[in-house]
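Enquirer: What would the 3D arrangement of this be:
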Amino acid sequence: MKEKEFEKFVDTSVLVSKADKNGKITYVNKKFSEVSGWSLEEAVGKDHKIVNSGFHPKEMWDEMYKTTIKDKEIWNAVVTNKAKDGHLYWVDSYIKAEFRGNGELKGFTSLRYDVSDVKKKELEIRNRMNAINQSNAVIEFDLDGNIIFANNLFLETMGYNANEKNKVIR
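Expert: From the prediction side, this is the model:
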């Protein structure tokens, strides 16, 4: 694959960003701009926190820094980010620290795959399942006929209390 073809392939499939050792953005690709709403010109020089949704605990980011800087490994997680206009989007993120020859931290490179459609469907399914569980007595069996799940409405309908749930589900 030629270099231009490869660049086009990357630009249309993954979000790419680079940041210096202080977390200031030095580069974002076209896909990053499309998904986040931040153009290259707007993003360069800003702290990478411009896409931070505030959804994740500080400990998650501490783990990212430990993995990338101390362990010198690639960190991966699905991250909820916030676009320039405020809407949330989800990315499967891979972050790697870059070091100079003398071991000094140079910066970070991040590759992200937009998984927003999948996460939205997951939330939709979860919401539907919650609604079903709140309005219907639900029981689930394995292939051998053993009960593997029974919601509270089923247990109440059948006369079991919460302490007897383990007697029902084996």
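Enquirer: Burial check on Leu105, number of neighbours?
Expert: 14 (other Cβ atoms under 10 Å). Just so you know, the C-beta spots here come from the backbone N, C-alpha and C atoms, and that holds for glycine as well.
Enquirer: Can you name the residues in contact with stretch 51-64?
Expert: Ser36, Trp38, Trp75, Ala77, Val79, Thr80, Asn81, Lys82, Ala83, Leu88, Ile95 (Cβ atoms under 8 Å, 6 or more residues apart in numbering).
Enquirer: same thing but 7 Å
Expert: Contact partners of stretch 51-64, identified using Cβ atoms under 7 Å, 6 or more residues apart in numbering, comprise Ser36, Trp75, Ala77, Val79, Thr80, Asn81, Lys82, Leu88, Ile95.
Enquirer: pull the helix or strand with minimum mean pLDDT from this protein.
Expert: In the chain, no helix or strand scores lower on mean pLDDT, DSSP states H and E than helix 165-168, which sits at a mean of 62.
Enquirer: re earlier: for the contacts of stretch 51-64, give me TSV that also has pLDDT.
Expert: Output for those, formatted as TSV (pLDDT from 0 to 100):
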residue	pLDDT
Ser36	97
Trp75	98
Ala77	97
Val79	96
Thr80	96
Asn81	97
Lys82	96
Leu88	95
Ile95	98
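Enquirer: Which member of those is positioned nearest Ala19?
Expert: The closest of those to Ala19 turns out to be Ile95 (Cβ to Cβ; 9.3 Å).
Enquirer: List buried members of the contacts of stretch 51-64 by neighbour count.
Expert: Ser36, Trp75, Val79, Thr80, Asn81, Lys82, Ile95 (16 or more other Cβ atoms under 10 Å).
Enquirer: So in terms of bridging, what pairs with the second one?
Expert: Each beta-bridge partner of Trp75 is listed here, defined by DSSP bridges: Ile95.
Enquirer: how much space is there between it and Asp142?
Expert: Distance, Trp75 to Asp142, by Cβ to Cβ, to the nearest Å: 37 Å.
Enquirer: pLDDT score for Phe9?
Expert: As predicted, Phe9 sits at a pLDDT of 89.
Enquirer: ok, the residue nearest to Thr67 when sequence neighbours are not counted to Glu124 distance?
Expert: Closest residue to Thr67 apart from its sequence neighbours, by Cβ to Cβ, 6 or more residues apart in numbering: Trp75 at 4.1 Å. Distance of Trp75 to Glu124, given as Cβ to Cβ: 29 Å.
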